[in-house]
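Novice: no sequence on this one, just coordinates:
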């Protein structure tokens, strides 16, 4: 079954065996936990999902200064941010640059 996030799902399928990982971080509050879990299932997201259910006070969100959603960061194995806000063709190009070695 294919994800409802086709571009992201394509990149994940293509590079996950080479070390590419996606971590979805929820900005939901505890009262919305059931909706968040349903959205993961409905969107058929196969990558890791986490959330501390603190809404915009989410520890990862605060650490990475998340001010809007969706937002994304490419982080290398050493924890260094090597890309931000990449979508579509830009994301494809960056992933190819990283993994097509």
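Specialist: Received, thanks. Just so it is clear, the model here is predicted, and its values are computed rather than measured.

Novice: Please name the bridge partners of residue 23.
Specialist: With DSSP bridges as the criterion, residue 23 is bridged to residue 48.

Novice: That one against residue 45, yeah?
Specialist: No: shown here, residue 23 and residue 45 do not form a contact pair, counting by CB atoms under 8 Å, at 10.9 Å. To be clear about C-beta, it is placed using only N, CA and C from the backbone, and glycine gets the same treatment.

Novice: Compare the two (neighbour count), which wins?
Specialist: Comparing residue 23 with residue 45 by neighbour count (other CB atoms under 10 Å), the higher total belongs to residue 45, at 18 against 11.

Novice: helix, strand or coil for that one?
Specialist: Secondary structure, DSSP: H, G, I helix; E, B strand; the rest coil: residue 45 is coil.

Novice: hang on, isn't it packed against residue 36?
Specialist: No: using CB under 8 Å, residue 45 is not in contact with residue 36, being 10.9 Å away.

Novice: So for the longest helix along the chain, mean pLDDT?
Specialist: As assigned by DSSP state H, the longest helix anywhere in the chain is helix 88-99. In this model, helix 88-99 has a mean pLDDT of 90.

Novice: Ok, stretch 18-26 next?
Specialist: Mean predicted confidence for stretch 18-26 is 90.

Novice: that older thread, pull out the buried positions in the longest helix of the chain.
Specialist: 91, 95, 98 (16 or more other CB atoms under 10 Å).

Novice: I would like the residues contacting it, please.
Specialist: 7-8, 10-11, 14-15, 18-20, 72, 74, 82-83, 86 (CB atoms under 8 Å, 6 or more residues apart in numbering).

Novice: What subset of those residues is buried?
Specialist: For the contacts of helix 88-99, buried by 16+ other CB under 10 Å: 8, 11, 15, 20, 72, 74, 83, 86.

Novice: lowest-pLDDT helix or strand in this protein?
Specialist: helix 6-15 (a mean of 83; mean pLDDT, DSSP states H and E).

Novice: All set now, cheers.
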